Every structure is written in C-alpha cells, then in structure tokens.
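*Asks:* Give me coordinates for this.
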Amino acid sequence: MATKKAAPPSTPASPFTSRDAALRKRWQSCQPGTPQAGSTGRFVDLSHFDPAGKPFATGKGKSQDKARVLELAGELDGLQNIFYADRRYKLLVILQGMDAAGKDGTLRGVFGQMSPLGVRTVGWKAPTETEKAHDYLWRIHQQVPGAGEVVVFNRSQYEDVLVPVVNGWLTPEQQQQRYAQINDFERMLSETGTLVVKFMLHISQDEQRLRLQERLDDPAKHWKFDQNDLQVRAQWHDYQQAYAHLLAATHTPWAPWTIVPADSKTHRNLMVATLLRELLHNLDLRYPPGDPALEKITVV
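*Replies:* Next up is the predicted model:
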C-alpha cells in the first residue's frame with residue numbers, strides 16, 4: 001500500500017505580527033490599513049505616512065540606532081542559519097520604492113552579515129526580449145526562494161503595476177486584472193510555504209533630490225545615476241498615485257505591506273531588521289533532529 005505523501009508545511013497563522021504589544025502597535029501603524037483580499041477602488045493616502053518619521057528608533061540617538069542595526073544584523077545571521085537548516089519555509093523579501101529610496105543600502109545594512117549560502121539577491125530591471133515574450137510574472141517565478149532559502153528582491157513584480165500605469169500603457173481594467181493576478185501569485189507562494197514580506201521604502205521628494213544630487217556630485221557614484229532618473233522624478237506625483245492604488249489593492253493577509261519611513265538611512269535599516277527578526281522568531285525555527293548513530297562516532 002502506497003504511503004500518503006505529506007503536504008508541504010503551511011506558514012504560521014500570523015507571522016506578520018508581534019508577541020510584544022508595543023511593537024505590534026508600531027508595526028500596525030506602518031501598514032496601509034487592515035489587510036484585505038483583493039480590495040479594489042481604494043487608495044492609500046501616503047501623506048499620512050511621514051517619510052522622516054522614526055517610529056522604531058531606540059530614542060538614544062543615531063549612534064545607538066546604528067549599533068542596534070549591527071546587533072540585529074548579527075541576530076539575523078544566526079536566525080538565517082537555523083532557517084536554512086530547518087528547511088520548512090522559504091522567505092521572499094520585497095524592497096520596493098522610488099529611486100534613491102535606499103534599496104541597495106538596506107541590502108548592505110540588514111542582510112550583509114548573512115551567509116551567501118542561504119541568501120540570494122535579485123535586482124530587477126526592464127525585461128529582456130525573451131522575458132517580454134512571456135507573461136510578466138514568468139521571470140519572477142523563476143527567482144522565488146527554494147526550501148530554506150532567503151531571496152531579496154530589489155524592485156519586483158510591482159514594477160509591472162507602476163511603470164505601465166504611470167505611462168498609460170495599461171487600461172484601468174488591465175491594471176485591476178494585474179493586481180488580482182499578483183495577489184493570486186503571492187497567495188500560491190504563501191500556501192506552499194513561502195513567506196512574502198513586502199517593504200515600501202517611503203522617501204520624501206526633497207530627500208530624493210539630495211540623494212540624486214549627491215550621486216551627480218561624486219564621480220564614484222556616477223554609475224548609480226541614470227538620465228532616466230530625472231524623467232521618473234518629474235513624474236513623482238503620478239508614481240505616488242500609482243503606489244497609493246497598488247498598496248491598497250495588494251495589501252493582503254498572506255502578503256501584507258509595511259511602509260518604511262526612509263529619509264533616515266539608519267532608521268530604515270533599523271526598522272526592516274527589527275521586523276524581519278520578529279517574523280523569523282514567529283516561525284519557531286529549529287534544527288532538524290540529528291542521526292543518533294552520530295553519537296557513537298569518534299573522529300580520529
């Protein structure tokens with residue numbers, strides 16, 4: 001008689017929360033409302049979220065916040081080691097935001113101490129001709145994490161409901177259709193053991209101007225500047241509106257959004273690291289049981 005194959009583990013009921021009431025309240029204050037499945041016709045007013053805010057600061061000054069980021073990065077390295085060994089889950093972290101919002105800086109500051117064996121980064125750019133020949137989620141699905149793996153997306157599938165929307169390449173009906181498709185895609189990932197963690201790095205227009213000018217003023221940073229950055233900056237308000245609609249439409253129970261105030265680089269890293277540490281703790285990770293026979297082996 002054939003044995004029944006065990007189903008893949010489902011994610012915990014509430015990984016996107018905290019056992020600590022104060023931390024839970026701060027986390028909820030940075031989310032675009034109550035997660036809903038496929039909410040349409042709403043938008044998130046980003047003016048209610050202060051990009052210069054520091055809700056996760058230690059209250060002991062910038063130097064202490066930086067020290068705490070380093071401490072958390074070390075903790076995340078240890079948790080990622082158990083996550084890799086446990087192999088019951090997969091973790092997909094999405095970093096989305098306007099140009100100069102700090103996606104690269106978050107990767108260095110939060111994930112820089114993790115072992116390359118279990119962490120992979122994917123930076124998304126305009127699709128190639130091969131990618132355009134398929135549906136827009138085809139290339140995304142190829143890069144999602146495997147068991148025990150952490151994958152960080154620098155930009156993501158959400159570019160396909162930002163750039164085409166701002167430039168008028170999609171009808172309103174196609175826009176809503178893509179929201180639904182992305183929600184279904186993320187739900188499928190969630191139901192097969194992937195935690196989808198989405199951070200929108202929320203930067204102010206003034207802070208973006210300073211950071212773009214810094215890139216122009218420093219020859220060592222010229223490689224980070226693209227002439228197209230100025231065109232996108234000129235469409236700032238259109239992009240804010242596109243974000244307002246996608247955040248509402250894709251803030252789901254299985255893949256909720258967190259809006260991260262990103263004018264402060266230190267606070268941005270502190271907040272992302274704090275929430276990732278909390279999420280991994282919620283999984284009650286464990287090392288797999290060892291082989292009893294190993295206890296009788298002596299290396300000579």
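
*Asks:* Could you use CA atoms for every contact and neighbour count after this?
*Replies:* OK.

*Asks:* Student question: in the protein, what's the helix or strand with minimum average pLDDT?
*Replies:* Every helix and strand in the chain was compared by mean pLDDT, DSSP states H and E; the lowest is helix 228-234, with a mean of 92.

*Asks:* Please state the offset of it from the chain centre?
*Replies:* 23 Å (CA atoms, centre = their mean, to the nearest Å).

*Asks:* for the helix or strand just after that helix, which positions count as buried?
*Replies:* Per DSSP states H and E, the first helix or strand lying C-terminal to helix 228-234 is helix 236-249. In terms of neighbour count (16 or more other CA atoms under 10 Å), helix 236-249 has its buried residues at 238, 239, 240, 241, 242, 243, 244, 245, 246, 247, 248, 249.

*Asks:* And residue 295, what's its pLDDT?
*Replies:* Here the pLDDT value assigned to residue 295 is 84.

*Asks:* Does residue 179 touch residue 246 like I think?
*Replies:* Yes - contact criterion CA atoms under 8 Å: residue 179 and residue 246 qualify, at 7.2 Å.

*Asks:* shared neighbours of these two, anything?
*Replies:* residue 161 (CA atoms under 8 Å, 6 or more residues apart in numbering).

*Asks:* how much space is there between residue 45 and residue 219?
*Replies:* 37 Å (CA to CA, to the nearest Å).

*Asks:* Between the two, which is the more surrounded one?
*Replies:* residue 45 (15 against 10; other CA atoms under 10 Å).

*Asks:* residue contacts, the more buried one?
*Replies:* residue 244.

*Asks:* what do you get for the one 10 residues further on?
*Replies:* Taking CA under 8 Å, 6+ apart as the contact definition, residue 55 lies against residue 26.

*Asks:* mind running it again at 10 Å?
*Replies:* 23, 26, 27, 29, 30, 260, 261, 267, 271 (CA atoms under 10 Å, 6 or more residues apart in numbering).

*Asks:* Ok, residue 262 next?
*Replies:* Residue 262 sits in contact with 50-54, 97, 100-103, 106, 200-204, 207, 268-269, 271, where contact means CA under 10 Å, 6+ apart.

*Asks:* Repeat that for residue 257.
*Replies:* Applying CA under 10 Å, 6+ apart, the residues near residue 257 are 16, 30-33, 35, 94, 196-200, 247-248, 250-251.

*Asks:* quick one: which of the residues you listed is nearest to residue 228?
*Replies:* Proximity of these to residue 228 (CA to CA) peaks at residue 200, which lies at 21.1 Å.

*Asks:* List the beta-bridge partners for the closest one.
*Replies:* Beta-bridge partners recorded for residue 200 (DSSP bridges): residue 96, residue 259.

*Asks:* Now that it has come up, it's in contact with residue 244, right?
*Replies:* No - contact between residue 200 and residue 244 fails when scored by CA atoms under 10 Å: they sit 11.0 Å apart.

*Asks:* Can you tell me the closest non-neighbouring residue to residue 243?
*Replies:* Of all residues not flanking residue 243 in the chain, residue 162 sits nearest, at 7.1 Å (CA to CA, 6 or more residues apart in numbering).

*Asks:* Please name the residues that touch the one you found.
*Replies:* 168, 175, 238, 239, 240, 241, 242, 243, 245, 246.

*Asks:* Would you check how far apart it and residue 117 are?
*Replies:* Where residue 117 is concerned, residue 162 sits at a distance of 32 Å (CA to CA).

*Asks:* Would you check that residue 187 makes contact with residue 196?
*Replies:* Yes - judged on CA under 10 Å, residue 187 makes contact with residue 196 at a distance of 9.0 Å.

*Asks:* which residues do these two both contact?
*Replies:* Shared contacts of residue 187 and residue 196, counting by CA under 10 Å, 6+ apart, come down to 254, 255.
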